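Trainee: Turn this into a model:
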Amino acid sequence: MAVAMCKLAAVAVVGLLIACHSVRARDATFLAASGAPYCDVVEAVLTKISQSNVFPSDNGFLRRIAYAESAGSVNASRAGSFGLWGATRAFLSATQTTDNTTSDYMALRILIEAVANSTQLRNEFGQALEWRTVTEEQLALPFYSALTVRLYLHLVVSRDAALSELPVRLDQQATVWRKTFIPDSGTAPSVAEEATVSQSFVNRTRQFDDKCACNADVDIAFVMDMSGSVTRPGFTKAKEFAALIAGSFDVNQNATRIALVTYSTNIVVNFNFDSYSSASDVMAAIRSAPYEGKGTKTGEAIQKVIDKVFMLDKVTTPPPTTTMPTTTPVATTAAATTQAVPTPDRGLLPDGFGGGGGNPGIEPQVPTEAPTTVLPTIAPISVQPRIAVVITDGKSNDDVKPASDLAHELGLTVFAIGVGSIDVSELRTIASDPDEAHVYTVGDFDVIENIRTSIRDRSCRTPATIAPMQPIGGTLKENETQFVAVPLPPDEPPVVTVTVTAQQGDIGFFASFQYPNPSEALNDFSGVVKEGDTSYFVISNEEQNINTQSGGRRRRQAPSSGQATQLYMSVVGKSPLSQFVLQAQSGNVAPTTAAPKATRAAVSAGNIVYSSSLCMVAAAMLSAACLLS
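Mentor: Got it, this is the predicted structure:
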């Protein structure tokens, strides 16, 4: 009888145990209708294509094509087109042609070979992607829809003598879209009709540029060339560009903060992060910056940004901008949550990742009892990405490499925008990797405005690097996201325990060893932490087989044993106002709160989550029923 009661209880609580212990990987880029948010799916596909390191910058065109073609739906609106990007049979057929020897097709075949040999895509599929085997049915899947369009756009540029690359200006992108995607009706359209169709592209993309805009907080320092070659009118346009980017953020001392450095022969810190607390004040200050018109000392300007704006060096961490309360977290067991209240601070640099680890395929050891404390006796701090946007029109009079290398080493994300006849190799030295995401070139200051959305979005999606063991915290509005990354030990496959406490409202948690912006559409691990709850996500880099409509695609959670250098995480507000605390620790340090058999099975699968409330309920129910047996 007792044994029967135990079995019955086990069946009854299986749902709770699954909720407590299973963290499912998700990849909506290979699902025709995944249910994931539209904007997340678009961003996930663009991330994969960017990380392939095959294509030059499309200047935001591929994202806008998705907005124009599907407008928030799971498929394109026109008959004969497929997927979010509106790929057609003709696009696929043209890119799969093998017997054409003209120069445009020869160049395309080189590009397709680069796709097949992309390390990132090989890891995605477990083998080279054979483009000629892609079928029409697969065009309904977001990844194939987008990749087909991106390859076909290469042919479009090759065939159009007026194009050397995909256009930067929005109106020119609208023209290329209209000529490429709108079917020929058999009669020549009037100029007015063409303008109406092109304007529909502009209107729809602007609508979704706003709807899908990232809304995380960052620290951005604009570093603007005011040398003689820029000219006063050019400098005015560059200032307006920076002002409009600043104005698109929620600027205050507890959210996004802006600084401005201008440089010529002299380097001027016009204002720092603590100078202004509103977007309107920042925009006015940028627009009023004076012009000098002398030499070009870009390297010295970058060094000054490191020393005087972000106040970083290789030895000390920057001082906090606000004083933290001396709150000491209570000693916590699996059922307790921290009482520390996060307040703003930016003074954090990554340290080494202490503690033990694990090996893929080997079950980590689970503690036999809960630790006496979960968080160290330090209050959580708020962190955000550090961004520098360098805008210049010519070759520097000094060496940019030493300062640029130091900026990258210290964790700054640097965008380099070149205007006019620019030394592209110098821009690549200045910018963070990959170049495709961080280097922009425009013909003149008249078109610099057209890359504003791309710079804003990429800045917003940059993860903030956090130190292992250091708790961080913050307050999020509904659907607002905090992106963070924690460095991993260089010599061993990582096993990481991430502790997430939802102090107010519900919190969504997503993580990945591969993708810097894990989301509901693309992640290796995910979960929801309910208000008042603490969850422990034990994350390792075991291989998993993920069955999707693409057919048994294989994905590792780390690129290969020992190669993952960071764990990327995102925390999303799931309530009108959510407050969280997050901490990452090396090794499996989660308390034992559930039935031993369920715990061991979950750990050996490579990723588990312990929820302090649900797991205790499940464990209590199962234990009580089984004690008599």
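Trainee: which secondary structure element contains Ser93?
Mentor: Using DSSP states H and E, Ser93 maps to helix 89-95.
Trainee: Now do that helix: distance to the chain's middle.
Mentor: On the basis of C-alpha atoms, centre = their mean, to the nearest Å, helix 89-95 sits 31 Å off its chain's mean C-alpha point.
Trainee: Next: stretch 187-206.
Mentor: 32 Å.
Trainee: And for it, what's in contact with it?
Mentor: In this structure, residues lying in contact with stretch 187-206 by C-beta atoms under 8 Å, 6 or more residues apart in numbering are 64, 67-68, 71, 170-171, 173-175, 177-178, 182. In this view, the C-beta of every residue, glycine as well, is placed from N, C-alpha and C.
Trainee: Wasn't Ala584 part of a strand?
Mentor: Yes - with DSSP: H, G, I helix; E, B strand; the rest coil as the criterion, Ala584 is assigned to a strand.
Trainee: What about it, how many residues nearby?
Mentor: If you count neighbours by other C-beta atoms under 10 Å, Ala584 ends up with 27.
Trainee: same thing with the one 5 residues further on?
Mentor: Applying the criterion other C-beta under 10 Å, we find 20 residues in the vicinity of Val589.
Trainee: what about it, which SS state?
Mentor: Applying three-state DSSP: Val589 is coil.
Trainee: Could you report the pLDDT at it?
Mentor: Val589 is assigned a pLDDT of 83 by the prediction.
Trainee: that older thread, the helix holding Ser93: which residues count as buried?
Mentor: Going by neighbour count (16 or more other C-beta atoms under 10 Å), the buried part of helix 89-95 is 91-92, 94-95.
Trainee: So for that helix, mean pLDDT?
Mentor: Rounded mean pLDDT across helix 89-95 is 95.
Trainee: Same check on stretch 410-422?
Mentor: Here stretch 410-422 scores 87 as its mean pLDDT.
Trainee: Buried residues in it, which are they?
Mentor: Buried, per 16+ other C-beta under 10 Å, within stretch 410-422: 410-419, 422.
Trainee: Could you tell me which of those are located in strands?
Mentor: In strands, defined here by DSSP state E, the members of the buried residues of stretch 410-422 are 413-419.
Trainee: Reformat those residues as JSON lines; add distance to Asp399.
Mentor: As requested, these are exported to JSON lines (distance: C-beta to C-beta, whole Å):
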{"residue": "Thr413", "distance to Asp399": "21"}
{"residue": "Val414", "distance to Asp399": "16"}
{"residue": "Phe415", "distance to Asp399": "20"}
{"residue": "Ala416", "distance to Asp399": "15"}
{"residue": "Ile417", "distance to Asp399": "20"}
{"residue": "Gly418", "distance to Asp399": "17"}
{"residue": "Val419", "distance to Asp399": "21"}
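Trainee: Can you tell me which of these comes closest to Ala590?
Mentor: Nearest to Ala590 among those, counting by C-beta to C-beta, is Thr413 at 31.7 Å.
Trainee: distance of Ile220 from Leu244?
Mentor: According to C-beta to C-beta, to the nearest Å, Ile220 and Leu244 sit 13 Å apart.
Trainee: Of those two, give the one with the bigger neighbour count.
Mentor: More neighbours surround Ile220 than the other of Ile220 and Leu244, with 29 against 15 (other C-beta under 10 Å).
Trainee: picking that back up, show me what the helix holding Ser93 packs onto, helices and strands only.
Mentor: When contacts are defined as 3 or more C-beta pairs under 8 Å, 6 or more residues apart in numbering; DSSP states H and E, helix 89-95 packs onto helix 142-159.
Trainee: In the helix it packs on, which residues are buried?
Mentor: For helix 142-159, a neighbour-count test (16+ other C-beta under 10 Å) marks 142-158 as buried.
Trainee: okay, and for the stretch 501-629 of the chain, where does confidence drop off?
Mentor: Within the stretch 501-629 of the chain, the ranges that satisfy pLDDT under 70 run 541-563, 592-629.
Trainee: which residues touch Val442?
Mentor: Neighbour list for Val442: 168, 417-419, 448, 450-451 [criterion: C-beta under 8 Å, 6+ apart].
Trainee: how about a markdown table for those residues, with distance to Glu520 added?
Mentor: Listed next are those as a markdown table, based on distance: C-beta to C-beta, whole Å:
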| residue | distance to Glu520 |
| --- | --- |
| Val168 | 31 |
| Ile417 | 32 |
| Gly418 | 36 |
| Val419 | 38 |
| Ile448 | 34 |
| Asn450 | 30 |
| Ile451 | 28 |
